[in-house]
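**Q** Fold the following.
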Amino acid sequence: MEMNTKEVFATRDGERNLPASGPHYLSNSLLEEPRFASLLSGRRVLITGSARAGYDTDSYGVAFEGIGDRIALAVATCGATQLTLHSFEDSADPSRLKFLRDQSRGDVHYQSADLAAGSPDTAHKLVDAAWESMGGIDLLVLAAGTYREPSLLSISSRDFDNIVNLNVKSAFFAAQRFSQRVAENKINERFSIRSPMIIVVTSINAIMAESQHALYDGSKAFLEGTLRSWAIDLKPLGLSVFGVAPGLHDTPLTHHALHEDPAVHAAQDAAICSGIGSGDDVANTVVGLASGLFSYCSGTVIRADGGMSSAQVDAQRVVRATQTPRLSF
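**A** Here you go, the predicted structure:
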């Protein structure tokens, strides 16, 4: 069989006609509908945590993409004029860059910056570089973050800094520099950036605690409090601020734990009204906000959690999902 021969694979995203070699990057099937093609036309977008030097794949050769990756695809698919990806490494995966450029109706760039150190200067330089490459930024999506930490009894000062620097400081100072650039760009007392927007990816953990994640939970709660304050302070700039809070989603950070025990996976899936989510569930929410239709709702956090924060656990549904079927003779 030749390497470019196509076969039908039953991927985790359903049946797809994929080339035999990987990695494969799946399209967002909902946003491929023609009605979304120009939804973000004219928008210049920077998304932190949206590119990597290389991607691991599942058994079908499908790349494990994070929430930031899927937001980038959604923005490109919906017609953003310019898109800048952010990579922690010095390079971005060339096959994924090509995939995004093929999906996009605009230009796709990338910038590298080590936001994990939490340096204000690094965050400022990232925003400045993206601003210069695109001729401005209309939408800043802050998706870079991590949740890996030891238990409360063994957290060190270094562990504390690792979470806070990336999840809080990098987001805070990237938003600061973006706001400064918007404020600096006035022509005849009018801002040259119309309807600028910041969207922060927070987490359901901001309001629902999880064992062994004291730092992560606290960092996301900080972001939610902060973005509400930003919405007030930045209103004179015409700038809207939103949060999108994912619940339990299958991402590179969670995939191993989710699939380690099939019974646990079934229980988790059954416990959530709409089941375990994907990165596209968050990305579609971001696109909806980015369209500008919700500008009056600035300061709001949308909980893209499949009902996780709204519904009590249906114990009987969880039990049924984890029971081994009995054989009858």
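**Q** Would you state the strands of the stretch 101-250 of the chain in chain order?
**A** Per DSSP state E, counting those that start in this stretch, the stretch 101-250 of the chain carries strands over the ranges 107-112, 139-142, 186-187, 190-191, 197-201, 240-246.
**Q** For the first one, buried residues please.
**A** Residues of strand 107-112 classed as buried: Val108, His109, Tyr110, Gln111, Ser112 (neighbour count, 16 or more other Cβ atoms under 10 Å). C-beta: built from backbone N, CA, C; applies to glycine.
**Q** which one of those is nearest Ser278?
**A** Closest approach between the buried residues of strand 107-112 and Ser278, by Cβ to Cβ: Val108, at 21.9 Å.
**Q** circling back to that earlier point, out of the strands of the stretch 101-250 of the chain, which one sits most buried?
**A** Neighbour counts averaged per stretch over the strands of the stretch 101-250 of the chain are highest for strand 139-142, at a mean of 28; criterion: mean count of other Cβ atoms under 10 Å.
**Q** elements contacting it?
**A** Counting contacts by 3 or more Cβ pairs under 8 Å, 6 or more residues apart in numbering; DSSP states H and E, strand 139-142 is packed against strand 44-51, helix 67-77, helix 171-184, strand 197-201, helix 279-290.
**Q** Give me the angle between the last one and strand 44-51.
**A** With axes from the mean of the first three to the mean of the last three Cα atoms, to 10 degrees defining the directions, helix 279-290 sits at 160 degrees from strand 44-51.
**Q** ok, now the longest one?
**A** For helix 171-184 against strand 44-51, the angle by the same axes, to 10 degrees is 160 degrees.
**Q** tell me which strands and helices helix 171-184 is in contact with?
**A** So helix 171-184, by 3+ Cβ pairs under 8 Å, 6+ apart, packs with strand 44-51, helix 120-134, strand 139-142, strand 197-201, helix 214-233.
**Q** change it to 7 Å
**A** Applying 3 or more Cβ pairs under 7 Å, 6 or more residues apart in numbering; DSSP states H and E, we find helix 171-184 packed against helix 120-134, strand 139-142, strand 197-201, helix 214-233.
**Q** So for the first one, what gets flagged as buried?
**A** So the one you mean is helix 120-134. Using 16+ other Cβ under 10 Å as the test for burial, helix 120-134 gives Thr122, Ala123, His124, Leu126, Val127, Asp128, Ala129, Ala130, Trp131, Ser133, Met134.
**Q** wait, the last one sits on Gln82?
**A** Yes: under the criterion of Cβ atoms under 7 Å, Met134 is in contact with Gln82, at a separation of 4.0 Å.
**Q** Spell out which residues are contacts of both of those two.
**A** Contact criterion Cβ atoms under 7 Å, 6 or more residues apart in numbering; residues shared by Met134 and Gln82: Arg44.
**Q** can you list the weak-confidence ranges in the stretch 51-200 of the chain?
**A** Along the stretch 51-200 of the chain, the parts satisfying pLDDT under 70 run over 187-191.
**Q** One more: the stretch 201-329 of the chain?
**A** The stretch 201-329 of the chain contains residues with pLDDT under 70 at 324-329.
**Q** Name the nearest residue to Thr84, ignoring sequence neighbours.
**A** What sits nearest to Thr84 in space, not counting adjacent residues and going by Cβ to Cβ, 6 or more residues apart in numbering, is Ala130, at 4.1 Å.
**Q** what's near enough to touch the one you found?
**A** Contact partners of Ala130, counting by Cβ under 7 Å, 6+ apart, are Leu46, Thr84, Gln111, Ile137.
**Q** try 10 Å this time
**A** By Cβ atoms under 10 Å, 6 or more residues apart in numbering, the contact set of Ala130 is 44-48, 82-86, 109-111, 113, 136-137, 140, 174, 178, 181.
**Q** Out of these, which end up buried?
**A** Buried residues within these, counting neighbours by 16+ other Cβ under 10 Å: 44-48, 82-86, 109-111, 113, 137, 140, 174, 178, 181.
**Q** ok, what's across the strand from the residue nearest to Leu139 when sequence neighbours are not counted?
**A** Ranked by Cβ to Cβ, 6+ apart and with sequence neighbours excluded, the top spatial neighbour of Leu139 is Val45, at 4.5 Å. Counting by DSSP bridges, Val45 forms beta bridges with Leu83, Leu139.
**Q** Quick check: Val45 touching Ile137?
**A** Yes: using Cβ atoms under 10 Å, Val45 makes contact with Ile137 at a distance of 7.3 Å.
**Q** Quickly list what's touching both of the two.
**A** The contact sets of Val45 and Ile137 overlap at Gln82, Thr84, Ala130, Met197 (Cβ under 10 Å, 6+ apart).
**Q** What backbone torsions are found at Ser195?
**A** phi 50, psi 50 (degrees, to the nearest 10).
**Q** residues in contact with it?
**A** By Cβ under 10 Å, 6+ apart, the residues touching Ser195 are Gly42, Arg43, Asp138, Leu139, Gly238, Leu239, Ser240, Gly292, Ser295.
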